[in-house]
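Q: Need coordinates for the below:
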Amino acid sequence: MFWTPYVEVEQVPVAFPDGRKGTYARINRGKHGGVCIPRHVFRGIARYALVRQYRYVIDRITLEFPGGFTTEAGCADAVREMTEETGINSHGRPTSLGVLHADTGLLASENDIWLVPVLDLKHVEAGTGAETVWLTDGELDERVIHGEITSGITLGALAKLRASSFAIAPGTMLSS
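A: Model (predicted):
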């Protein structure tokens, strides 16, 4: 139905549970996506890097974990996307937190989620003006509560982090 180098919209034939035949719209934005949760620990306090950027589709500035299209499932492409968007390099071994599907009723792609240890760095991406913002666990929660973080992929990645064994209990001090 529609194609660009970044997205394809297609009608696919389906058989509904009641046996009827029909079609369903599906959006492909590449088979894989990758999202990184950059985490920096200093003096026992974890901070996470998000990207503040203007999104044309919703006509507003968002806060999102860095990520994007990847050619293959896996860590290398996701970390490359993170570095492109934030200027941050991985400092240690990234940990897989699993996969998420941003919209199972419309989007065919899946997103690998990576918790990435990093060193603190401020960066503005040339061309887009995307800026890196560092938030603590409490600040992340406040931004979600107040509607400043609304990206489905970011919220899904945050939920995966919170449910993982890598989540940080409030008041817990981490080693650097």
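
Q: which residues touch the helix or strand harbouring residue 63?
A: Following DSSP states H and E, one finds residue 63 within strand 60-64. If you take Cβ atoms under 8 Å, 6 or more residues apart in numbering as the criterion, strand 60-64 is touched by 50-55, 133, 143, 148-151, 153-154. For the C-beta atoms, the positions are set from N, CA and C on the backbone; glycine is no exception.

Q: Quick check, residue 27 in contact with residue 7.
A: Yes - Residue 27 is within contact range of residue 7, at 6.3 Å (criterion: Cβ atoms under 8 Å).

Q: so what strands line up beside the worst-scoring helix or strand of the chain on mean pLDDT?
A: Within the chain, no helix or strand scores below strand 67-70, which has a mean of 77 by mean pLDDT, DSSP states H and E. In the sheet, strand 67-70 lines up against strand 32-42 (antiparallel) (DSSP bridges).

Q: Could you check the angle the strand it pairs with makes with strand 60-64?
A: The directions of strand 32-42 and strand 60-64 differ by 70 degrees, with axes from the mean of the first three to the mean of the last three Cα atoms, to 10 degrees as the criterion.

Q: chain center to strand 32-42, what's the gap?
A: What separates the centre of strand 32-42 from the centre of its chain is 8 Å, taken as Cα atoms, centre = their mean, to the nearest Å.

Q: after that strand comes which helix or strand?
A: Following strand 32-42 toward the C-terminus (DSSP H and E): strand 45-55.

Q: And that next one, what does it pack against?
A: strand 32-42, strand 60-64, helix 75-86, strand 131-136, helix 137-145 (3 or more Cβ pairs under 8 Å, 6 or more residues apart in numbering; DSSP states H and E).

Q: Give the buried residues for the longest one.
A: Within helix 75-86, the residues that qualify as buried are 75, 77, 78, 79, 80, 81, 82, 83, 85, 86, counting by 16 or more other Cβ atoms under 10 Å.

Q: ok, the residue positioned nearest the centre of the chain - contacts?
A: Geometric centre of the chain, nearest residue: residue 35, 3.5 Å, by Cα atoms, centre = their mean. Contacts for residue 35 (Cβ under 8 Å, 6+ apart) come out as 65, 66, 67, 78, 100, 111, 112, 113, 114, 153, 154, 157.

Q: what's the answer for residue 12, then?
A: Contact partners of residue 12, counting by Cβ under 8 Å, 6+ apart, are 23, 24, 25, 26.
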